[in-house]
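Visitor: below is the sequence, then the predicted model.
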Amino acid sequence: MIDLSGKVVLVTGADGNIGAGIALRFEAAGATVVRHLGLEDGDLRVDAARVVSRAGRLHAVVNSAGVQPVEPLPGMTTAQWQSVVDSNLTTAFAVTQAAVEHLEDGGSITHVASIEGSHPAPGHAHYSASKAALIMHARAAALEYGPRVRVNTVSPGLVARPGIENEWPSGVARWQAAAPLSRLGTPADIGNACVFLASDLATWITGHDLVVDGGVTARPTW
């Protein structure tokens, strides 16, 4: 088990399914976790500095806050598009900028992106575009904030949550059939990846997108 005792980690969106799992995995590794409970717990786009300052001494940040609405691209309004971009991308930009001043040397920032950043899904044009941009933001931040701070992304595939099998049985079945590991991910799977990237085992990893999808993107689409 990775030991993060004495480390302070800020997790945004920690009231969400994935965010809560990430926070729990950091706590299991011994870290002190400062939870920001989503976009409603203060406006991260405006108040990122206050959120970061709550952590005081800071060793790692995980930007997990975000939204995933479904809206077909034909007829999508500018307001609908902008809302998703602000929540998923601008939020991470603001938190990252505020956090760098507080991070210890060798600190880590991880954005939770998505495999939809390179594999779009119907009704998710705004979501997919925001996650693709999030991956590129992390690479740009790794370039400009290195060598003091490392910045990476974790791109989950389909992650289990309560009720998903009943709400979307066909999608779950298709995923299980396509994934070489034959299962949905869990919030702990994503948390483990984030813990690894924040640990001393990853001190030469920056600007990287770590895909955590049970191998589904290895499946041919033709």
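Guide: Yep, it's here. Just so it is clear, the structure is predicted and the values come from calculations on it, not from any experiment.

Visitor: after the longest helix seen in the chain, next one along is what?
Guide: When the chain is parsed with DSSP state H, its longest helix is helix 125-145. Scanning forward in sequence from helix 125-145 by DSSP states H and E, the next helix or strand is strand 149-156.

Visitor: how far away is the closest residue to Gly117 other than its chain neighbours from Val52?
Guide: Leaving aside its chain neighbours, Gly117 sits nearest to Lys131 (3.7 Å; criterion: Cβ to Cβ, 6 or more residues apart in numbering). Where C-beta positions appear, they are placed from N, C-alpha and C, glycine not excepted. Going from Lys131 to Val52 by Cβ to Cβ, to the nearest Å gives 23 Å.

Visitor: could you do Ser155 as well?
Guide: Relative to Val52, and taking Cβ to Cβ, Ser155 is found at 24 Å.

Visitor: tell me which helix or strand in the protein has the weakest average pLDDT.
Guide: helix 44-53 (a mean of 67; mean pLDDT, DSSP states H and E).

Visitor: how about the helices in this structure?
Guide: 17-28, 44-53, 78-85, 91-100, 125-145, 164-167, 169-178, 187-198.

Visitor: mind putting the ones you listed into JSON lines with distance to Val8 and mean neighbour count?
Guide: Putting the helices of the chain into JSON lines (distance: least, Cβ to Cβ, whole Å; neighbours: other Cβ atoms under 10 Å) gives the following:
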{"stretch": "helix 17-28", "distance to Val8": "10", "mean neighbour count": "22"}
{"stretch": "helix 44-53", "distance to Val8": "11", "mean neighbour count": "18"}
{"stretch": "helix 78-85", "distance to Val8": "29", "mean neighbour count": "14"}
{"stretch": "helix 91-100", "distance to Val8": "11", "mean neighbour count": "22"}
{"stretch": "helix 125-145", "distance to Val8": "18", "mean neighbour count": "19"}
{"stretch": "helix 164-167", "distance to Val8": "32", "mean neighbour count": "12"}
{"stretch": "helix 169-178", "distance to Val8": "35", "mean neighbour count": "14"}
{"stretch": "helix 187-198", "distance to Val8": "11", "mean neighbour count": "23"}
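
Visitor: least reliable of those going by mean pLDDT?
Guide: The minimum mean pLDDT among those belongs to helix 44-53 (a mean of 67).

Visitor: for stretch 129-148, C-alpha coordinates in CSV please.
Guide: C-alpha atoms of stretch 129-148 as CSV (Å, rounded to 0.1, in the frame of the first residue of the first chain):
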residue,chain,number,x,y,z
ALA,A,129,-14.9,18.5,-25.8
SER,A,130,-14.4,19.7,-22.3
LYS,A,131,-12.6,16.5,-21.3
ALA,A,132,-10.3,16.6,-24.4
ALA,A,133,-9.4,20.2,-23.4
LEU,A,134,-8.8,19.1,-19.8
ILE,A,135,-6.3,16.5,-21.0
MET,A,136,-4.5,19.2,-23.0
HIS,A,137,-4.7,21.7,-20.2
ALA,A,138,-2.8,19.2,-18.0
ARG,A,139,-0.1,18.7,-20.6
ALA,A,140,0.3,22.5,-20.9
ALA,A,141,0.4,22.9,-17.2
ALA,A,142,2.9,20.1,-16.8
LEU,A,143,5.1,22.0,-19.3
GLU,A,144,4.8,25.4,-17.7
TYR,A,145,4.7,24.5,-14.0
GLY,A,146,7.5,21.9,-14.2
PRO,A,147,9.8,21.0,-12.6
ARG,A,148,8.3,22.1,-9.3
